[in-house]
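Peer 1: With the sequence up front, the predicted model follows.
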Amino acid sequence: MSFINSNLDLISTQMRLGTGRLGDSGSFPRLVESGLLEKLENKGFSLTCHEVNTPPVTESEIYASHDHLKYLAPIMEVDKALEQEVYSSLQKGHLPFTIGGDHALAIGTLSGLLNYCQENNEKPFVVWFDAHTDINTAKGTLSGNVHGIPLAVAIGYDQDIFPSFYQKEQYLDPSALHYVGIRSVDDFEQNVVEQHSIPNHPMSALKQLGDEWPKVVVEQIVTEFEKSKATRLHLSFDLDGVDPSFAPSVFTDVPDGVPLPQALEFVTRLKEALPLKSGDFVEFDPGLDDNNNTGLKAALAVLDTILD
Ligand SMILES: [Mn+2]
C-alpha cells in the first residue's frame, strides 16, 4: 500500500437524482457484496464507513425547488451532508473517499475539501477523469441534470443557487483543475473551459499522444500542480470516462472512451507522482450492467487501483 495515511473514511451515497432519476443506484451495496471492504482491509486500511442517505423524493418534486434544475433541494441536502463528512474526515487527518451515486455529489465533496483547505492554508488540485466537463450552469444546462454542473459551482458560478456551499475566497482555482478523457462537451461548457483556460486532455488529445499518454499527462499534471502551488491532490473519477465496452453500467455513456487498462495505468502513475489525499468515484449503476457484470468488474478494478 502506497498511502502514507491508512485511515480511510469511505463515504457513500447512492443518490442518482443528479441524473434526473429517482431511487437508489444500489452501487455501494453491490460493491460491498462483491468484497470491496474485505479487500481494502486486507491492504491494511483502517476503514470507517459513512453512509449518506438520499431523502425520500417523488416525481412531482422534480421542479419543486428550481424551475430548471431537477430535484435541487434533496440533492443539496445530500451534498451538505457529504461536505460535512469530507471536512471532518480531513480534520481528523484521514483520507476521505466518496463512492456515488452520480457526480452531483462533488458539489458537496469539493466544498468540504475547499473549506478544509481554506482553514488550513492549503490548496487543492483536482484531476477530473470523465467523459463530460460537468461545468454547466443553471442557465447553460439543457437537461437540468445537476450532475452536469458541479465544477461550475466549484469555480464560482451559480452562487445564488448554492449560497451555503462555497465562499468567495475558497473557490476552486481553474488552473488547479485538469480534465482527462473528455469527449462530450456542450457549447456553453466549451466557452467556460476556454474562458478559464482549464487544463484539458480530451479523448482526442490522448489519441494523438498514443500509448504513452498516461506518462505524458501525469508529467504535465505534476508541472501544473507545482506551478499552482497546490498542496493536495483530489481525484474525481467518473466511470463514464472509461470506454462503455469496459464499463457499460453508467448513467450517461459516451462511446470512444479510455480503455480500462489505460485508465488504470493513468491512476497508478498519478498516484506514484503525487500522493492522493481525497477522491470520488461516481456514476456506477449496477442496474445498467450486462449479464457478465462487466461494469461491476471495471468499478472494482478502478477502486482497487485508486485505493492501493
Ligand atoms: Mn461526471
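Peer 2: Good, I have the coordinates. The structure presented is a predicted model; accordingly, all values stated were derived computationally and were not measured. Numbers count the residues shown, from 1 in each chain.

Peer 1: now the helices: where do they sit in the stretch 201-308 of the chain?
Peer 2: 203-209, 213-227, 260-273, 294-306 (DSSP state H, counting those that start in this stretch).

Peer 1: for those helices, which one ends up most surrounded?
Peer 2: Ranked by mean neighbour count, the helices of the stretch 201-308 of the chain are led by helix 294-306 with a mean of 20 (mean count of other Cβ atoms under 10 Å). C-beta coordinates here come from the backbone N, C-alpha and C atoms, glycine included.

Peer 1: what's the model's confidence in that helix, averaged?
Peer 2: The average of the pLDDT scores along helix 294-306 is 98.

Peer 1: now swap in stretch 8-22 and tell me
Peer 2: Stretch 8-22 comes out at a mean pLDDT of 97.

Peer 1: what's the answer for stretch 42-61, then?
Peer 2: 96.

Peer 1: any idea how far the residue in the stretch 1-150 of the chain that the ion sits nearest to is from Ala298?
Peer 2: Ranked by Cβ to the ion, the top residue of the stretch 1-150 of the chain for proximity to the ion is His103, at 3.6 Å. Plainly put, His103 is 17 Å away from Ala298 if you go by Cβ to Cβ, to the nearest Å.

Peer 1: same thing with Ser236?
Peer 2: Distance from Ser236 to Ala298, by Cβ to Cβ: 17 Å.

Peer 1: and if you look at Leu239?
Peer 2: 7 Å.

Peer 1: what is in contact with the two at once?
Peer 2: Ala247 (Cβ atoms under 8 Å, 6 or more residues apart in numbering).

Peer 1: sec struct for His178, please.
Peer 2: Secondary structure, DSSP: H, G, I helix; E, B strand; the rest coil: His178 is strand.

Peer 1: That one contacts Trp128, correct?
Peer 2: Yes - counting by Cβ atoms under 8 Å, a contact exists between His178 and Trp128, whose distance comes to 6.9 Å.

Peer 1: the more surrounded of those two?
Peer 2: The neighbour comparison of His178 against Trp128 (other Cβ atoms under 10 Å) goes to Trp128, with 29 against 21.

Peer 1: list the contacts for the more buried one?
Peer 2: 134, 151, 177-180, 236, 238.

Peer 1: which residues does it bridge with?
Peer 2: With beta bridges defined as DSSP bridges, Trp128 has these partners: Tyr179, Ser236.

Peer 1: if we can go back for a sec, may I see the contacts of Trp128 organised as CSV, with distance to the ion and pLDDT added?
Peer 2: Shown next, in CSV, are these (distance: Cβ to the ion, whole Å; pLDDT from 0 to 100):
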residue, distance to the ion, pLDDT
Asp134, 5, 98
Leu151, 9, 98
Leu177, 13, 98
His178, 14, 98
Tyr179, 10, 98
Val180, 12, 98
Ser236, 8, 99
Asp238, 4, 98
